[in-house]
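# coordinates for the following, if possible.
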Amino acid sequence: MGVGYLTRPHSRGGLVPRSMTGFGVADGLVGGGRLHVELRTVNHRHFNAQLRLPGMFQGLEGALRERLRARIERGHVNLSVRWIEEPAGPQTTVRVDVERARAILAAVEKLRNALHLAATVDAAFLARQPEVLRFDAGDEPPTVPEADVLALVDRAVDGALAMRAQEGDALARDLNARLDQLSAGLARVQARAPERLTAERGRLRQAISELLDGREVDPDRLAQELAYTAERLDITEEIVRLETHLTAAREVLVGDAPGGRRLGFLAQEMLREINTIGSKANDATIAHAVIAMKEELERFREQLENLE
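So this is what the prediction gives:
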């Protein structure tokens, strides 16, 4: 299975492309507490992860990043992990330094006798003295099993990927509809191209005839001019290349790897061919078709911004 795709069959026979927008959530018992995980993804040119973790999970950051990178090809990924119920901490004990208390008491008694004071020392006074009472928080903080945390994160990723696949399926249908519109525009150009060359030849013959003002036309020279005009206006190569790009784009949409970058490149090449056709058009019908194709291609490229 290629990274970035689900195995759910697509209606066109391939695998489902994914959007870069998704959300997943999971919570469960981990290490004696209840942990909550949220994962949000939005479009980004590359994989970019931002993690918010409890302090005790900082050592897991590297493993979590690799886990996310292995399952998400592109996009800005925001992972948030927090405790709903924290695990019980270590037992706190109080230790009494009796010897220190005796030493303090003896010193106070010596001072009282030397100054002839009537006051006596009580337990509260001794307890307030430094180091008489010590609070021991135990040996080790609670440990959290790494596998349990990763399993929860995987569940959140599953939810986000399911949402990305659902949106990606709708996005793929829209992109294919845009490709159909581009193919329809190209068909109009193809249908008009031969007529345009015939009309151009007639116009050229008429122009030459008017310039010669009734004098005999050199057939060889006329043939050369017609051949040059036909070559200058010929858009056969551009039509063939544009057809190839459209076919390749459809194949990417049913392929087994994330296709956003590849489709972006193909869209650039499509624009190049459409612009060349427009520059060679010299025909109102083709010019109008080219404008419509460029508008449709721009919508296609906008939709690509959110495709993985």
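
# phi and psi next, for the residue nearest to residue 305 when sequence neighbours are not counted.
Using Cβ to Cβ, 6 or more residues apart in numbering and skipping residues adjacent in sequence, the residue nearest residue 305 is residue 43, 5.7 Å away. The C-beta positions use only the backbone N, C-alpha and C, and glycine is treated the same way. Per-residue torsions, residue 43: phi -70, psi 140 (degrees, to the nearest 10).

# hmm, residue 303 and residue 43 touching each other?
No: between residue 43 and residue 303 there is no contact under Cβ atoms under 8 Å: 11.1 Å.

# about what we covered before: kindly tell me how buried the residue nearest to residue 305 is, as a neighbour count.
Other residues within reach of residue 43, judged by other Cβ atoms under 10 Å, total 16.

# now do the same for it: its pLDDT.
Predicted confidence (pLDDT) for residue 43: 89.

# ok, residue 21 next?
Reported pLDDT for residue 21: 91.

# does it touch residue 44 like I think?
No: with contacts defined as Cβ under 8 Å, residue 21 does not count as touching residue 44, sitting 10.8 Å away.

# those two: which has the busier surroundings?
residue 21 (18 against 13).

# mind listing what the more buried one touches?
41, 42, 43, 163, 164, 167, 306 (Cβ atoms under 8 Å, 6 or more residues apart in numbering).

# let's see that with 6 Å instead.
Counting by Cβ atoms under 6 Å, 6 or more residues apart in numbering, residue 21 touches 42, 167.

# tell me how far it lies from residue 62.
The gap separating residue 21 from residue 62 is 26 Å, by Cβ to Cβ, to the nearest Å.

# buried set for stretch 47-54?
49, 51, 53 (16 or more other Cβ atoms under 10 Å).

# report the rounded mean pLDDT for that stretch.
Rounded mean pLDDT across stretch 47-54 is 92.
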